[in-house]
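Participant: When you get a sec, could you give me coordinates for this:
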Amino acid sequence: MSAVSHIPTLTLAAARAAVEACEAKAREIRVPMNIAVVDSATHLLHFSRMDGAKFTSIGIAMDKAFTAAGHRVPTSTYKEAVWPGGAGFGIWNSNGGRFMVIGGGLPVKNESGQILGAIGVSTGTPAQDEEVARAGIEVIERMMKAESGKVKAKL
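Facilitator: Modelled structure (predicted):
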């Protein structure tokens, strides 16, 4: 039995690369976004508010990332369960009101399925927010794949 746990988490470099990719996708779809990246413990690593992004979406982006990392699933997962009578009705009141049930928050996982952090995006529609977050996830996945190849090449 070990007394210490080593939990993998995103680096600031990965968070910055993800935000750059998210910003590029947001420009492509012509919707300025608020973009938050959190680590595996749900703490903010990096944030960007693009010119023209909604001020009221700043906290929403952070809370989407918080929810996706903390609950280990996309925020869109809760879409059908949160209506009156649904299994998750009222869940948005949990975690000090930070639990977000609107699409646009995606967890970042490694090859083993461990949560490394999450990306939360807000200002567009839930589908647009998720599309922009996905661009950041894809960059991180490419970074991890490249690092994995370097480790294998050294062995």
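
Participant: And the longest helix along the chain, what does it pack against?
Facilitator: Scanning the chain for the helix with the most residues, using DSSP state H, yields helix 126-154. Other helices and strands packing on helix 126-154, by 3 or more C-beta pairs under 8 Å, 6 or more residues apart in numbering; DSSP states H and E, are helix 12-29, strand 34-39, strand 105-109, strand 115-122. Where C-beta positions appear, they are placed from N, C-alpha and C, glycine not excepted.

Participant: just so I know, which of these lies nearest residue 92?
Facilitator: With C-beta to C-beta as the criterion, residue 92 lies closest to strand 105-109 of those, at 12.8 Å.

Participant: What average pLDDT does the closest one get?
Facilitator: Per-residue pLDDT values across strand 105-109 average out to 98.

Participant: okay, the helices and strands packed on helix 126-154 in TSV with mean neighbour count and distance to residue 1 next?
Facilitator: Supplementary listing: the helices and strands packed on helix 126-154 in TSV, determined by neighbours: other C-beta atoms under 10 Å; distance: least, C-beta to C-beta, whole Å:
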stretch	mean neighbour count	distance to residue 1
helix 12-29	18	31
strand 34-39	30	26
strand 105-109	27	26
strand 115-122	30	23
